[in-house]
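Chemist: Provided below are the primary sequence and the corresponding predicted coordinates.
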Amino acid sequence: MWGIDLSDEIRVRTRVKTVTRNFNKHLHNIASLIGLKKNLSMHMSRHTFGNISGDKIPIQMLQKLYRHSSITTTMRYQANFISKEADEALDKVIDF
């Protein structure tokens, strides 16, 4: 994966930061090309996925997808997203 030694934590973190920065730059360019005024980022994409996936994907699969070492971490991460009840209440007001 990525042509680097995955046991070298410093190199892996550096590579992830570089790839994420480049990905965010490409997202910004795409948004500009299509006239989208929203700020897009990899971080935002992860949160959107987490919000949408909460009721649809079993927690064990989410743990694998997020690459969390502990299911507790995944459960805490998923708990940060708006609940289905709050989403439905917001939809009634905003009417997406």
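Modeler: Yes, it's here.

Chemist: Spit out the contact partners of Q60.
Modeler: Neighbour list for Q60: I71 [criterion: C-beta atoms under 8 Å, 6 or more residues apart in numbering]. In this view, the C-beta of every residue, glycine as well, is placed from N, C-alpha and C.

Chemist: tell me the SS of it?
Modeler: With DSSP: H, G, I helix; E, B strand; the rest coil as the basis, Q60 sits in helix.

Chemist: Show the pLDDT at it.
Modeler: Per-residue confidence (pLDDT) for Q60: 90.

Chemist: Distance of it relative to L33?
Modeler: Distance of Q60 to L33, computed by C-beta to C-beta, to the nearest Å: 38 Å.

Chemist: any idea of the mean pLDDT in the longest helix along the chain?
Modeler: Determined from DSSP state H, the single longest helix within the chain is helix 9-34. Model confidence over helix 9-34 averages 88 on the pLDDT scale.

Chemist: Can you point out the buried residues in it?
Modeler: R15, N24, L27 (16 or more other C-beta atoms under 10 Å).

Chemist: any idea how far the last one is from S53?
Modeler: Spelled out, that is L27. 20 Å.

Chemist: Likewise for the first one?
Modeler: In this structure, R15 and S53 are separated by 26 Å, where distance is defined by C-beta to C-beta.

Chemist: Now do stretch 37-53: distance to the chain's middle.
Modeler: 5 Å (C-alpha atoms, centre = their mean, to the nearest Å).

Chemist: Quick check: buried residues in it?
Modeler: For stretch 37-53, burial by neighbour count (16+ other C-beta under 10 Å) applies to L40, M42, G50, S53.

Chemist: Closest to R67 out of these?
Modeler: When the buried residues of stretch 37-53 are compared for distance to R67 (C-beta to C-beta), G50 comes out closest, at 13.4 Å.

Chemist: thought that closest one was touching A79?
Modeler: No - applying C-beta atoms under 8 Å, one finds G50 not in contact with A79, separated by 10.0 Å.

Chemist: Quick check: D5 touching R15?
Modeler: No - between D5 and R15 there is no contact, the gap being 10.6 Å when judged by C-beta under 8 Å.

Chemist: All set now, cheers.
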